[in-house]
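S.K.: Have a look at this fold, sequence not included:
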C-alpha cells in the first residue's frame, strides 16, 4: 500500500475521502463491513492501538464505531467483500493483547517475534451492514434456542463499559438480578406451557437482559425482556416488553412496544396484555397469550390465559438482588439464585424446590469469557 494510504488508514480517514483515491474498479465492488475487538491482557487506561488496514479498506467514522474501554478496543471497517479475510496489522505500544474477537470467534493472532506489541490477523469482511456485526461487541450466551424460545444471557463487565454506560454508576445490582429473573422467566415459560403454545403457532418468546458495551444498541437504562414474536423473529409482529430496573433491582416500568401501536406504558399494578396477532379479536391484536403485571415488591406476575398465575417475587431479604422466589398459584414454588463469574466464563444457577425438594438442582453454564459461546 502507498505511504499516503497507510497513514490515512492508521489515522482513521473517512471512507468517503479514501474512495476518492481508489481505482474505479475497486469502488464498483460490493461493499461489506466487519468489526473486531482487541482484548487487552490486563485492563488499564483506555487507549487506541495503531491499526493498519490493507489498500481499499477504511475505518468507519464516528465515535460509536471506534470505542475504547479499560479492557479492550473495538472498531469497524468497510471495503470490498472478502469472506476469506484481509490481513490487519496492529501495534499497541506498552499494551499486551490477549485476543482478537470477530463475531463469536477468536481470530488467529500471528505475533511478531521481534516486537511483543505487534501482531497481525485475518479479518473476514462480509457483513451487509455495521449493525450485522453486533455479536462482535457483546458477550452473549444462549442456553435455549429451540422451537418457541430464544433465550440469551448478557454477560456484563464494568471494565468493558461503553457509550452511555461510561457516564453512570455501574449497575451492579441490576446486572446481577437480571440473571436471576431471566432464569426464573425461562422456567415459568416452560412449566406453564407458554413456550410449547408459542412453538405450536410457529411463534417464539424472546428472553434477554441488557448490555453495557454495545454502542450500536445503547441499552440504557438497565432493563430486561420477556417479549413475544408472532413469527420466527423480530421482523414478525411483536410485543416487545422492556422491564426497567431501579438501583435495588426492582421492576418499576414496562415500556411495551407493540407492532402498529407504538409504546404502551405500564407501571406497578398495570396489566400488560400480550396477544398473538392471529385473527381480528382485541382490535386486531388477536388472541390473548399472557398477561404480565409488575408487582408491589418489584417482581412480575406472569398469567397464562387459563392459569395458574406464576410470579417472579422478592427473595428472603425482600429484594430481587441476591435471589428471587418463583410463585405458582400464589404459593412459593422455587427459589432461584445465580452468580456470573464473567472473568472466567462461568455462570452458576441454584434452584431450590420449596414444595418438592426433588425439583432442586444446581447447574454450571461454562462459556468462553470473550465471546459467550457455551462450552
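M.R.: Nice, I can see it. Please read all numbers here as calculations on a predicted model, not as lab measurements.

S.K.: which other residues reach stretch 164-182?
M.R.: 69, 151, 153-154, 156, 158, 161, 207-210, 212-213, 218, 220, 222, 224, 245-249, 300, 312, 320-321, 323-324, 336-340, 347 (CB atoms under 8 Å, 6 or more residues apart in numbering). Using the backbone N, CA and C atoms, a C-beta is placed for each residue, glycine as well.

S.K.: Among those, which ones are in strands?
M.R.: Counted as lying in strands by DSSP state E, out of the contacts of stretch 164-182, are 151, 153-154, 207-208, 224, 245, 300, 312, 324, 336-340, 347.

S.K.: Just the buried residues out of the residues you listed, in ChimeraX syntax.
M.R.: A single ChimeraX command selects the buried members of the ones in strands among the contacts of stretch 164-182 (16 or more other CB atoms under 10 Å):
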select :151,153,154,207,208,224,245,300,312,324,336,337,338,340,347
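
S.K.: Just give me the closest of the ones in strands among the contacts of stretch 164-182 to residue 264.
M.R.: residue 300 (16.0 Å; CB to CB).

S.K.: List the buried residues in the helix of greatest length in the chain.
M.R.: Counting by DSSP state H, the longest helix found in the chain is helix 172-191. Under the neighbour-count criterion of 16+ other CB under 10 Å, helix 172-191 has 173-190 buried.

S.K.: Counting neighbours, what do you get for residue 106?
M.R.: When neighbours are counted by other CB atoms under 10 Å, residue 106 registers 17.

S.K.: Report the spatially nearest residue to it, omitting neighbours in sequence.
M.R.: Of all residues not flanking residue 106 in the chain, residue 99 sits nearest, at 5.1 Å (CB to CB, 6 or more residues apart in numbering).

S.K.: now the one you found, what's its secondary structure?
M.R.: Secondary structure for residue 99, judged by DSSP: H, G, I helix; E, B strand; the rest coil, is strand.

S.K.: tally of neighbours for it?
M.R.: Per other CB under 10 Å, the neighbour tally for residue 99 reads 18.

S.K.: Local confidence estimate at it?
M.R.: On the pLDDT scale, residue 99 is placed at 98.

S.K.: I'd like to know the beta-bridge partner residues of it.
M.R.: Residues in a beta bridge with residue 99, per DSSP bridges, are residue 39.
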